[in-house]
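Undergrad: Structure for this input, please:
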Amino acid sequence: MHDGFRHFGHFRRFALFGWVGPLFWPYAYSDIYCDIFWGYWGYGCADPYWNTAYGDPFWGYGYSDIYGGLFSPFAFNDLAPYLANGPSSVRRARSNAAPSDAIAQMCGDDTREVAGWPIDRIQQLVSPDDQQRMALNDLADASMKAAQIIKAGCPTSVAFTPTGRLAAMQQRVEAMEQAVDVVREPLDKFYGSLTDEQKAKLNSANQPAQSDARSRGLAQSCAKNPPTEWPEARIEATVRPTEEQQAKLKALQGAAAQAAQQLAASCPAELPTTPPARLAAISKRLDVMLGAVKTVRGALDDLYSGLSDEQKAQFNRIGQSRTAER
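TA: Prediction:
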C-alpha cells in the first residue's frame, strides 16, 4: 500500500474540515483515483478518520471547506508543525512562510509512486492484451502528468489570512480540474478497448461499496457537508464594521450562501458504475466547487481590502475565538 494511505488518517485527524494546516485537500490525487475505481472501502482507499457516512473520500469535500478557509481556527502557533522551520518561522513572519516536508508528502512528493499504484492494480484486474497494454501505458503517462499537476497546485507558502487560504484553495481545485482533463481521454480510450468481461471486472472492483444504503449516505453527507453557522454576531462584536463594510459583509454572507446551495445541488443521488462516468461526475463537481470558491473569494477580497489592519487582525481571529468558546 502506498505510504500516503498509511499516514492519511493520522494527518486528517488534525485537519480542519478538509484542510491540514495550509493545505486544502491532502492526497487529492489518491482520492480521485479511489473514487473512479475502488470507492471508499476499495483497494488502498480506507480512511479510519472518515466514517462510512461520508462515503467515497472525494465526496467528503464541499462548502464546509470554503467556510474553513474563511474562518480557520488555526492560530499562528497552531501552524508551526506545518512550517519548514517550525515555531521559529512563526516568530519571524506573520504573513507567509515555507510549508514543511509533511505538507509536501501529502501533496505527492513521489509522483511516480503515487501515479503508479492505480495502474498496477488495473493491470492485475483486467490482464490486458498487447494492444490494451499500449492504451494502459498511455493512461499511465497521463496519470503521471496528472499527479505532477496536482502536486504543482500545492501551496509553496503558508497563508495566515483568509484571503490567502481561499487563493490557495482556488489554485488547488484548478489543478485538480486540469489533472482530470488530462486523464479523461486516455481513460476513455483504455476502457473502450476492453472486452465486456474485462469491463465487468473493472466495474465490479467498486461494487462492494455500492450498496443502496451507502449511496443514500453519500448523497446526504455530501449535501450537508456538515452545516455551518455564519458567525455574524462574532464579526459584529470584534470587527465593528462601518456602514460601507456592513454592505460588503452582507455580500460575502450572500456569496457563501450561494456557494452552499450550488454545492448541495451538485451532490449526486448515486454514483455511476463505470470509471469514465465516475470521472465525469468528479469533473462536474470540481467545476461547481471552483465556481463556488471564486464567488466567495471575490466577495471576501472586496471586503478584506477595505478593512483596517486592526479589523483584519480581528477578522483573522474569528475562528480561533469560536473554537476557544467550545
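Undergrad: Give the full set of residues in contact with residue 131.
TA: By CB atoms under 8 Å, 6 or more residues apart in numbering, residue 131 lies in contact with residue 193. In this view, the C-beta of every residue, glycine as well, is placed from N, C-alpha and C.
Undergrad: so is it in a helix, a strand, or just coil?
TA: helix (DSSP: H, G, I helix; E, B strand; the rest coil).
Undergrad: okay, it: pLDDT?
TA: According to the prediction, residue 131 has pLDDT 96.
Undergrad: Once you drop chain neighbours, what's closest to residue 104?
TA: Distances taken as CB to CB, 6 or more residues apart in numbering put residue 154 closest to residue 104, at 7.4 Å, once the chain neighbours are dropped.
Undergrad: so how far is residue 102 from that neighbour?
TA: Shown here: residue 154 relative to residue 102, a distance of 12 Å by CB to CB, to the nearest Å.
Undergrad: Those two: which has the busier surroundings?
TA: Legend: neighbour count by other CB atoms under 10 Å for residue 154 and residue 102, higher for residue 154 (23 against 19).
Undergrad: and the more buried one, helix, strand or coil?
TA: Going by three-state DSSP: residue 154 is coil.
Undergrad: so it makes contact with residue 24?
TA: No: using CB atoms under 8 Å, residue 154 is not in contact with residue 24, being 9.3 Å away.
Undergrad: So for the two, which residues contact both of them?
TA: residue 172.
Undergrad: contacting residues around residue 153?
TA: Residue 153 neighbours (CB under 8 Å, 6+ apart): 171-172, 174-176.
Undergrad: count of neighbours near the nearest residue to residue 179 once chain neighbours are set aside?
TA: Leaving aside its sequence neighbours, residue 179 sits nearest to residue 146 (CB to CB, 6+ apart; 3.7 Å). Residues near residue 146, counting by other CB under 10 Å, number 27.
Undergrad: doesn't residue 33 make contact with residue 146?
TA: No: judged on CB under 8 Å, residue 146 makes no contact with residue 33 at a distance of 9.2 Å.
Undergrad: residue ranges with poor pLDDT in the chain?
TA: Residue ranges of the chain with pLDDT under 70: 1-17, 39-56, 73-81, 83-100, 108-116, 206-221, 223-227, 320-326.
Undergrad: Scan it for its longest helix.
TA: Assignment by DSSP state H gives helix 162-193 as the longest helix of the chain.
Undergrad: Show me what the next helix or strand after that one is packed up against.
TA: Proceeding N to C from helix 162-193, the next assigned helix or strand is helix 196-204, under DSSP states H and E. Under the contact criterion of 3 or more CB pairs under 8 Å, 6 or more residues apart in numbering; DSSP states H and E, helix 196-204 touches helix 111-126.
Undergrad: part of a helix, is residue 270?
TA: No: assignment of residue 270 by three-state DSSP gives coil, placing it outside any helix.
Undergrad: Let me know how buried it is, in neighbour terms.
TA: So residue 270, with other CB under 10 Å, has 13 neighbours.
Undergrad: now the helices: where do they sit in the stretch 201-326 of the chain?
TA: Ranges of helices in the stretch 201-326 of the chain, per DSSP state H, counting those that start in this stretch, are 212-224, 232-239, 243-265, 275-304, 309-316, 318-325.
Undergrad: Quick one: closest of those to residue 193.
TA: helix 275-304 (12.1 Å; CB to CB).
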